[in-house]
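Undergrad: Quick one: sequence and predicted model below, then my questions.
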Amino acid sequence: MEKIKIFVVAPYEGMKTIVDEIEEERADIRLYFALGNLSTLDFIVEKIEEIKPDIIIARGLTADWLTRNVRIPVVKITLSGYDILSAIRMAQSTNRKFAIVGFESMTSGAEVMCSLLHYRTEIIEAHEEKDIQQAVISLKSQGYELIVGGTLAVQMAEKIGLGGIHITSGKESIQAAITHAVGIYLAYEKKLTEIKMLKNVVINSGYHTVVFDEKEDVIFRSESNDALFTAAKGLCRRICGENDKICIKKDIDGKTFFFCGCSFRVDNKRNMAFYMKEQPAANSGGDGIKIFNMSDVKYYLPDIVYGKSKYMADAVSDAQLAAKKGCNVIIEGEAGVEADEFAKYIFKNSEAPHDFFISLDFEKLSCEELKYMDDCLPPAAFVNGVTIFMKNTEYMTMVLGRELSKLCSGKQYRYIISLETRNVSGGQGLFLQDIINSEDTTIISLLPIYQRADDIINLIILFITACNLKYGKNVIGLEDDATEFVKSYRWKRNYMELKLVIARAVKRTNSFYLSGECIKHEVEKYEALVADSKNKNIVLSGTLADITKNVINVVLEEEDNNRTRTAERLHISRSKLWNILK
């Protein structure tokens, strides 16, 4: 049988001799000793983590603090009548006026002994460390010369010039505490074995697990990753009520993890458990699937809805209604009308909780990548709801349609679908037709930019304001010829093209106003880029960041993956190139 590891915390050095004697007399225990009290708690905790004892023995308030704050059983050394009597007799032999100062565990015994033996002496009971300081100072002012008590009382007395006598723990008291500690350990050893078995099950489950108590102090953690632990602790206050649960996605040290948390009660005490698992990357290496949780999605309305037109006010009203109903949504409009932003707005404003927003881009999505959709989500028990947004559905093949239908079968997902037309065919028909034809589906139509002349100028002012901050410019607005051009031009890529052209124009101008010539020049450059992309397979759908990445990849391929030459051709630094491609 392995020896029981007992950690003894003593307030004075003399206890070590007794502890060593007891250890020599017993073959069933291994005793560890440390000198400490309430003023050295950090050191004591460090020693506990280092030794990992089976049980702890301490005195007074130190034992009380350890009982509240560590997960190892603590036995308090009680003072015997002999311990107290010895200190009183020693004080009497000095013929000095003395008083007894200490905490309840010490003063209650002193009162009994003094009553039995008809000793008349002042006994002051303290409840906190500051009470001892106040009592000792007061006693000195009353003419007392000697303080009898524990370590704190004696140390305080000596600081202000009084004498002090320790009430020490005799060998019998320490032996009794050790015997009690061994009994406690043996009583719960079987339970400890069960706990260790469950701990191994949790550790080998594939999840990183951490459990906190209601004070957010850790009860259990299965891993040593401090970044994961810190992130989980920061989420404790998100689980407020009984049986609450959360599930969010976080990036930790360059990897994406799902944090699934729930609250539960044990012995009427509230606890919080978090299960963390790394999200597997889709093995196609593409960007066909993107997963966002609620905190990833901006709350405000997308830029596209700003404007004077009643048409856009109606579109926003329809989006708000769809968010409240929680129904499926069709967003109808040309490419580039920012259906993505409208979909996120509906998701963010959902009345029923939806934890995750999954974007499926069928222009980039492969069947192999789609199979990973289930793996990219956390356990269903922790997910309140999932919104799936589908775009570029004209690229949906029959195989993709069948695979998507299989993955979504039996699941209560909400679908938001971006379509240029409600007439679907081929691979689309396998999955989309039922959603489009459903009476519960809300249709939101988004007009192209060129049909919203009243809104174009407002949008451009928003773009200019953002670009001024980004590029340190002071552009005020448009010259008359520029205003006439932007209203009459057929913006083929709608919002995306308009935003890109204005951004490039603001960046390159040194004037307070953008001229028609400046904007026309940027439009021509954009059209040339589109034409060139058809020959070089540059994908111009998606966000500005997506397009930038696509262009860089084409140039990188032309330069045989030489990043230095690629950065030089694009007139950007290598570090910026690296950040874009991350």
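TA: Thanks, I have it. Residues are numbered from 1 along each chain as shown.
Undergrad: all helices of the stretch 201-350 of the chain, in order?
TA: Using DSSP state H, counting those that start in this stretch, the helices of the stretch 201-350 of the chain run over residues 226-233, 310-325, 339-348.
Undergrad: Give me the helices and strands touching the first one, please.
TA: Translated: helix 226-233. Of the remaining helices and strands, those touching helix 226-233 by 3 or more Cβ pairs under 8 Å, 6 or more residues apart in numbering; DSSP states H and E are strand 208-213, strand 218-221, strand 245-252, strand 255-266, strand 269-278. C-betas here are computed from N, CA, C, even on glycine.
Undergrad: Let's see that with 7 Å instead.
TA: Packing partners of helix 226-233 (3 or more Cβ pairs under 7 Å, 6 or more residues apart in numbering; DSSP states H and E): strand 208-213, strand 245-252, strand 255-266, strand 269-278.
Undergrad: most neighbours per residue, which of these?
TA: strand 208-213 (a mean of 20; mean count of other Cβ atoms under 10 Å).
Undergrad: what domains does the record give for this structure?
TA: Partitioning the chain according to automatic domain parsing yields domains covering residues 4-77+172-187, 81-168, 206-278, 289-447, 450-581.
Undergrad: Nearest to residue 199 among those domains would be which one?
TA: Closest approach to residue 199 among these (Cβ to Cβ): domain 206-278, 7.3 Å.
Undergrad: Redo the helices and strands packed on helix 226-233 as a markdown table? Include mean pLDDT and distance to residue 573.
TA: Putting those into a markdown table (pLDDT from 0 to 100; distance: least, Cβ to Cβ, whole Å) gives the following:
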| stretch | mean pLDDT | distance to residue 573 |
| --- | --- | --- |
| strand 208-213 | 88 | 37 |
| strand 245-252 | 82 | 24 |
| strand 255-266 | 85 | 26 |
| strand 269-278 | 86 | 32 |
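Undergrad: Please tabulate those strands in CSV, including the columns distance to residue 547.
TA: Rendered in CSV, the data for those read as follows (distance: least, Cβ to Cβ, whole Å):
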stretch, distance to residue 547
strand 208-213, 37
strand 245-252, 23
strand 255-266, 24
strand 269-278, 30
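Undergrad: helices or strands up against the helix or strand hosting residue 67?
TA: In this structure, residue 67 sits in helix 60-69 according to DSSP states H and E. Helices and strands touching helix 60-69, as assessed by 3+ Cβ pairs under 7 Å, 6+ apart, comprise strand 74-76.
Undergrad: What is the helix or strand following the strand it packs on packed up against?
TA: Proceeding C-terminally, strand 74-76 gives way to helix 81-92 as the next helix or strand, assigned by DSSP H and E. Using 3+ Cβ pairs under 7 Å, 6+ apart as the contact criterion, the secondary-structure elements in contact with helix 81-92 are helix 104-116, strand 146-149, strand 163-166.
Undergrad: and of those, who's closest to residue 329?
TA: Within the helices and strands packed on helix 81-92, the stretch nearest residue 329 is helix 104-116; the backing value is 67.4 Å (Cβ to Cβ).
Undergrad: How about residues contacting that closest one?
TA: Contacts of helix 104-116 from elsewhere in the structure, counted by Cβ atoms under 7 Å, 6 or more residues apart in numbering, are 60, 78-79, 81, 84-85, 88, 100, 121, 123, 125, 149-150, 167.
Undergrad: For that helix, output the C-alpha coordinates as CSV.
TA: Written as CSV, here are the backbone C-alpha positions of helix 104-116 (Å, rounded to 0.1, in the frame of the first residue of the first chain):
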residue,chain,number,x,y,z
GLU,A,104,-12.5,31.2,18.8
SER,A,105,-10.8,27.8,18.5
MET,A,106,-8.2,29.1,21.0
THR,A,107,-10.2,31.4,23.3
SER,A,108,-13.1,29.0,23.9
GLY,A,109,-10.7,26.4,25.4
ALA,A,110,-8.9,29.1,27.4
GLU,A,111,-12.2,30.2,28.9
VAL,A,112,-13.0,26.6,30.0
MET,A,113,-9.6,26.1,31.6
CYS,A,114,-9.6,29.5,33.4
SER,A,115,-13.1,28.8,34.7
LEU,A,116,-12.2,25.3,36.0
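Undergrad: Export only the CA atoms of stretch 132-144, formatted as CSV.
TA: Extracted in CSV, the C-alpha atoms of stretch 132-144 (Å, rounded to 0.1, in the frame of the first residue of the first chain):
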residue,chain,number,x,y,z
ILE,A,132,-6.0,41.0,16.9
GLN,A,133,-4.0,44.1,16.0
GLN,A,134,-6.6,46.4,17.6
ALA,A,135,-6.9,44.1,20.7
VAL,A,136,-3.1,44.0,21.3
ILE,A,137,-2.8,47.8,21.0
SER,A,138,-5.7,48.4,23.4
LEU,A,139,-4.2,46.0,25.9
LYS,A,140,-0.9,47.8,25.9
SER,A,141,-2.7,51.1,26.6
GLN,A,142,-4.3,49.3,29.6
GLY,A,143,-0.9,48.4,31.1
TYR,A,144,-0.7,44.7,30.0
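Undergrad: Considering helices and strands only, name the one in this structure with the lowest mean pLDDT.
TA: Least confident element among the helices and strands of the chain, by mean pLDDT, DSSP states H and E: helix 427-437 (a mean of 70).
Undergrad: What average pLDDT does the helix or strand that that one is followed by get?
TA: Sequence-wise, the next helix or strand downstream of helix 427-437 (DSSP H and E) is strand 442-445. Averaging pLDDT along strand 442-445 gives 87.
Undergrad: Strand partners (parallel or antiparallel) of strand 442-445?
TA: Counting by DSSP bridges, the strands paired with strand 442-445 are strand 329-332 (parallel).
Undergrad: if we look at the strand it pairs with, which residues are touching it?
TA: Applying Cβ under 7 Å, 6+ apart, the external contacts of strand 329-332 come out as 322, 339, 342-343, 346, 416-419, 422, 436, 441-446.
Undergrad: Filter those down to the buried ones, ChimeraX style.
TA: Under the burial definition 16 or more other Cβ atoms under 10 Å, those of the contacts of strand 329-332 that qualify are selected in ChimeraX by:
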select :322,339,342,343,346,416,417,418,419,436,441,442,444,446
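Undergrad: What average pLDDT does stretch 138-154 get?
TA: If you average the pLDDT over stretch 138-154, you get 90.
Undergrad: For the stretch 301-450 of the chain, give me the ranges with low pLDDT.
TA: Within the stretch 301-450 of the chain, the ranges that satisfy pLDDT under 70 run 301-308, 336-337, 375-376, 380-381, 421-431.
Undergrad: Just name the most buried of the helices and strands packed on helix 81-92.
TA: Of all the helices and strands packed on helix 81-92, strand 146-149 carries the top mean neighbour count, a mean of 26, counting by mean count of other Cβ under 10 Å.
Undergrad: and the helix or strand that comes right after that strand, how far from the chain's centre?
TA: Going down the chain from strand 146-149, the next helix or strand is helix 151-159, by DSSP H and E. Counting by Cα atoms, centre = their mean, to the nearest Å, helix 151-159 is centred 45 Å from the centre of its parent chain.
Undergrad: Use 402 as the first number for this chain going forward.
TA: With 402 as the first residue, the last one maps to helix 552-560.
Undergrad: Which positions in helix 552-560 come out as buried?
TA: Residues of helix 552-560 classed as buried: 552-558 (neighbour count, 16+ other Cβ under 10 Å).
Undergrad: helices or strands next to that helix in the packing?
TA: helix 530-542, strand 547-550, strand 564-567.
Undergrad: change it to 6 Å
TA: Helix 552-560 makes packing contacts with helix 530-542, strand 564-567 when contacts are defined by 3 or more Cβ pairs under 6 Å, 6 or more residues apart in numbering; DSSP states H and E.
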